[in-house]
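**Student:** Need coordinates for the below:
(chains A, B and C)
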Amino acid sequence: MRQWLDLGDVPTETIERLLRVAKELEARPIRQDLAGKVLGLIFLNPSVRTLASFQAGMAQLGGSSFVITPGQGSWAFETRRGVTMEGLEAEHVREGIPVLASYADALGVRCFPRGVDLAEDLSEPTLRALVNVCPKPYLNLESALSHPCQALADWKSLDDFGVPRSQGKFVLSWAKHPKALPLAVPASTLQMAAQRGMQVTVLRPEEFALPAQVMDKARTLAQVSGGSVHETSDREEAMQGAHVLYAKSWQAPRFYGQPAEESVVRAQYPDWCVDESWFAPALPDALFMHCLPVRRNVVVKDEILDGPRSRVLPQAANRLHAQKALLLEMLS
Amino acid sequence: MRQWLDLGDVPTETIERLLRVAKELEARPIRQDLAGKVLGLIFLNPSVRTLASFQAGMAQLGGSSFVITPGQGSWAFETRRGVTMEGLEAEHVREGIPVLASYADALGVRCFPRGVDLAEDLSEPTLRALVNVCPKPYLNLESALSHPCQALADWKSLDDFGVPRSQGKFVLSWAKHPKALPLAVPASTLQMAAQRGMQVTVLRPEEFALPAQVMDKARTLAQVSGGSVHETSDREEAMQGAHVLYAKSWQAPRFYGQPAEESVVRAQYPDWCVDESWFAPALPDALFMHCLPVRRNVVVKDEILDGPRSRVLPQAANRLHAQKALLLEMLS
Amino acid sequence: MRQWLDLGDVPTETIERLLRVAKELEARPIRQDLAGKVLGLIFLNPSVRTLASFQAGMAQLGGSSFVITPGQGSWAFETRRGVTMEGLEAEHVREGIPVLASYADALGVRCFPRGVDLAEDLSEPTLRALVNVCPKPYLNLESALSHPCQALADWKSLDDFGVPRSQGKFVLSWAKHPKALPLAVPASTLQMAAQRGMQVTVLRPEEFALPAQVMDKARTLAQVSGGSVHETSDREEAMQGAHVLYAKSWQAPRFYGQPAEESVVRAQYPDWCVDESWFAPALPDALFMHCLPVRRNVVVKDEILDGPRSRVLPQAANRLHAQKALLLEMLS
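**Tutor:** Coordinates of the predicted model:
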């Protein structure tokens, strides 16, 4: 595998192989398969889990890594073609990426969307600009629409937690947040659950309906896997018989690139903070998941995060195991 | 040892074992004991020596490390319980710490005090919040009241420099500084010297008397070790027959959390910059120590730092050896 | 070799030996020669290529490295002697450098000039202040007047590209840029080409003539190597029969430390953006080089960077191989 861009484009049998290897790595974490190998990690946007888990993962596999944070300790990268570079960006990805690739055996890159034009971001121009000029294996560490490392780890978590594939009922719910957040995690989570064959419901206020392109891809994946995809703004309906509630905030796609209007809309939903009452219609032992970082008592109440439903910690721990499987696949 | 929080809580025989190992590591620095092991380093506050010496130390022991600096390249961490997280902090330590711990074999964390309320900081709420949620070995890389890695290295330095334990006369002196600094180093230095069995004098203007809790712990340690603890604002008296002058600035505890008032008090002591005249009543070959970083010609004159009394460089070098002994103790 | 400060001070036979080793390392990149060795990397100024290539290089040679960025995540370093340190800088290099050196087997340091007084910067006071207090091997990762790692890699690139030494015609051209840039790369590039025995022309507007000290050192090197050094503001004359055009912007030395006046002068040369027309008088297959980062369509047009003349990517890739040879020379 030379490119790890979006989980929905990876055959399910490949995912299952990766997850088998991840399970083995969880049991026996220290290997030497990647001795002498170097992973370049480029964070055009901030990271905690991704940075730590990739650096730890490479080390545990016998390799090493370096971290570049353009714009913070080094110059920002320009991604657009044909620009006259008279602004803050002192380097173009057309140089920056192949050069850093020449010092590494693979690059992992995080690139958030510009957040100005929805149609533009849906076509992943930044991700494409990066991948097109990368001569080495490329790992998407989160782009405008995709966070495939999170999605792979989440699939493993669902397996670990014993959540059934077919007939498993998975609710992805919007939650409130002080900031307009990207669409990558909701899109990847939805599509992962659909590809896993689950009955997926997206629960969100009407204005937060995910873009048709995102929903359509999930439906296509569900058709293949035998799962299903629904969306609703009715919490009771969504949570009926749910195995898992996966909360995540995202910006209102209908007000994309209009931060003032968007924040007014977002402020209209103060009760979209997950608490125990949400679980009344769910299965008794329904679980709570979140990709982290999570704003306590904004997205979800302490009572949930500190209670028995929460699986956010083992969920995050699976980032390490899943990504190590991916590193073995791509680098050994 | 699962927690390395405060040197004063570590039995003296454990300290002596660590220092024996440190001495061996100084002579033969390269080992493979920690092959495959990962140390997570989390700096909620800035670091030079600690970051470099821990990364170098893990590498020399065959292991590796990663660095997370929340708030700089990643989101800031919230430490307080029950907060509605609508501010700058996007992640709570209740998630951040156990997650990062799941990618590592131990965590080292630096957390400065809030600096608002002295009684609160004396109870180390941030350190407790971090330790309580860390499922792996925890190394305190400096907290509100404690810098145990510095103190362990300083103990080794005193041994290396041939400063006697019992009858050794150790002066910890306040010094001037443009900023109101934390209490961790003075507290740890004082207690280390007392635990080592020395005759310790804290020399400071009256307003800079250390909190009773800090002094009391030092006195308790001195009772066990056979040392003694005094405090004075009389430089001549303090320096009489001294083996070591250890300079360090700290804020006036009586004006804690009142920066305007505190800086007025601090400005009243322009002559608390160590120079050769301070050493007149001391032993002829009395030494100068400081934990670094040190502001030249503010805390201490060039003539001292560049002269024969200064031991600040070998003192800092001992951070590496002492911490490697600690890493072997906690991780192998 | 204990100090790697300026390529022009390194005997040509040493350079040739380093380049032979670099070639071997390019073919067989993974070694264990530096197992257990630690390189400390200190960036007083930002870096992308240098940081990544040194971290990757140490890892590929079996060693490791740490990165300190004073002023960003840690305190800024003072370099001047005798200063009363009441400002932003909390640590002096007289402590910072030997302490970090005590945690490493060698230090690599980047220190840009102050940019206030040309005569002062020409005497490299910061570099001297650092080297003088470093008890371990010191690698200059760019100083006021010198970027010897870039120059060594560039020499290898010229060899790789088949550019002849004697009779090879090398044009170093000033180019436009929104910022007043340091003199290190033009000085090192010019002197490297002269030392390599080439016919070197510096093409620049009159106000951008390089300081006499820089030109004189290049002429001295050319005398030994059999090369030559010329300067002109006539593009046609400079490019006549050229094998290589190496573009780089730098500030006007005549207006050093006068940013307002300098930027007025710089704005007078809007057509100093390299495009295909520049190559009309050159050899048909003349090459384009640049040290990167490069501002597209400011310094050079897309048509050149994306066309067949550009060698900027293999040129940057050689940083890794050249520096690894240097690391073996200095650390094994």
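**Student:** wouldn't residue A:189 be in contact with residue A:151 here?
**Tutor:** Yes. Assessed by CB atoms under 8 Å, residue A:189 is found in contact with residue A:151 at 6.5 Å. To be clear about C-beta, it is placed using only N, CA and C from the backbone, and glycine gets the same treatment.
**Student:** and residue A:74, how far is that from chain C?
**Tutor:** Distance of residue A:74 to chain C, given as CB to the nearest CB, to the nearest Å: 5 Å.
**Student:** now the helices: where do they sit in the stretch 1-150 of chain A?
**Tutor:** Ranges of helices in the stretch 1-150 of chain A, per DSSP state H, counting those that start in this stretch, are A:12-27, A:49-60, A:93-102, A:118-122, A:125-132, A:148-160.
**Student:** quick one: buried residues of the first one?
**Tutor:** In this case it means helix A:12-27. Within helix A:12-27, the residues scored as buried using 16 or more other CB atoms under 10 Å in any protein chain shown are A:15, A:18, A:19, A:21, A:22, A:25, A:26.
**Student:** Closest one of the residues you listed to chain C?
**Tutor:** Relative to chain C, the closest of the buried residues of helix A:12-27 is residue A:25; by CB to the nearest CB it sits at 21.0 Å.
**Student:** residue contacts, the closest one?
**Tutor:** Contact analysis of residue A:25 by CB atoms under 8 Å, 6 or more residues apart in numbering or on different chains lists A:31, A:321, A:324, A:325, A:328.
**Student:** Spatially nearest residue to residue A:44, not counting backbone neighbours?
**Tutor:** Once flanking residues are discounted, residue A:44 sits nearest to residue A:111: 4.7 Å by CB to CB, 6 or more residues apart in numbering or on different chains.
**Student:** isn't the one you found right up against residue A:45?
**Tutor:** Yes. Here residue A:111 reaches residue A:45: they are 6.9 Å apart, a contact under CB under 8 Å.
**Student:** Have a look at the two and say which one is more surrounded.
**Tutor:** When residue A:111 and residue A:45 are compared for neighbours, residue A:111 comes out ahead with 24 against 18, by other CB atoms under 10 Å in any protein chain shown.
**Student:** quick revisit: now the common contact residues for residue A:111 and residue A:45.
**Tutor:** Taking CB under 8 Å, 6+ apart as the criterion, residue A:111 and residue A:45 both touch residue A:142.
**Student:** List the contacts of the residue nearest the centre of chain A.
**Tutor:** With distances taken as CA atoms, centre = their mean, the residue of chain A nearest its centroid is residue A:147 (2.9 Å). Under the criterion of CB under 8 Å, 6+ apart, the neighbours of residue A:147 are A:140, A:141, A:184, A:185, A:188, A:291.
**Student:** Tabulate the residues you listed (JSON lines), appending pLDDT and distance to chain B.
**Tutor:** Listed next are these as JSON lines, based on pLDDT from 0 to 100; distance: CB to the nearest CB, whole Å:
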{"residue": "A:140", "pLDDT": "98", "distance to chain B": "19"}
{"residue": "A:141", "pLDDT": "98", "distance to chain B": "13"}
{"residue": "A:184", "pLDDT": "98", "distance to chain B": "16"}
{"residue": "A:185", "pLDDT": "98", "distance to chain B": "14"}
{"residue": "A:188", "pLDDT": "98", "distance to chain B": "19"}
{"residue": "A:291", "pLDDT": "98", "distance to chain B": "11"}
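**Student:** In strands, which of those fall?
**Tutor:** With strands taken from DSSP state E, the overlap with these comprises residue A:140.
**Student:** residue contacts, residue A:251?
**Tutor:** Going by CB under 8 Å, 6+ apart, residue A:251 touches A:115, A:180, A:181, A:182, A:183, A:262, A:266.
**Student:** Get me the contact residues on chain A for chain C.
**Tutor:** Within chain A, the positions near chain C by CB under 8 Å from any CB of the partner chain are A:35-36, A:38, A:40, A:63-64, A:66, A:68, A:70, A:72-75, A:78, A:81-86, A:90-92, A:94-96, A:98-100, A:102-104.
**Student:** Tell me the buried residues within those.
**Tutor:** Neighbour-count burial (16+ other CB under 10 Å) applied to the residues of chain A next to chain C gives A:36, A:38, A:40, A:63-64, A:66, A:68, A:70, A:72-75, A:78, A:83, A:85, A:90-92, A:94-96, A:98-100, A:102-104.
**Student:** Out of these, which are close to chain B?
**Tutor:** The subset of these lying close to chain B, counting by CB under 8 Å from any CB, consists of A:64, A:72, A:73.
**Student:** Residue A:126: which of those residues is nearest?
**Tutor:** residue A:72 (17.5 Å; CB to CB).
**Student:** check contacts around that closest one.
**Tutor:** B:72, B:73, C:72.
**Student:** mind listing which of these are in strands?
**Tutor:** Assignment to strands by DSSP E places none of those there.
**Student:** Throw those into TSV and include distance to residue A:4, thanks.
**Tutor:** Shown next, in TSV, are the contacts of residue A:72 (distance: CB to CB, whole Å):
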residue	distance to residue A:4
B:72	28
B:73	23
C:72	31
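**Student:** Check those residues for the minimum pLDDT and say which it is.
**Tutor:** Across the set of these, residue B:73 stands lowest in pLDDT, at 71.
**Student:** what's near enough to touch residue A:164?
**Tutor:** Contacts for residue A:164 (CB under 8 Å, 6+ apart) come out as A:198, A:243.
**Student:** can you pull the pLDDT of it?
**Tutor:** So residue A:164 comes in at 98 (pLDDT).
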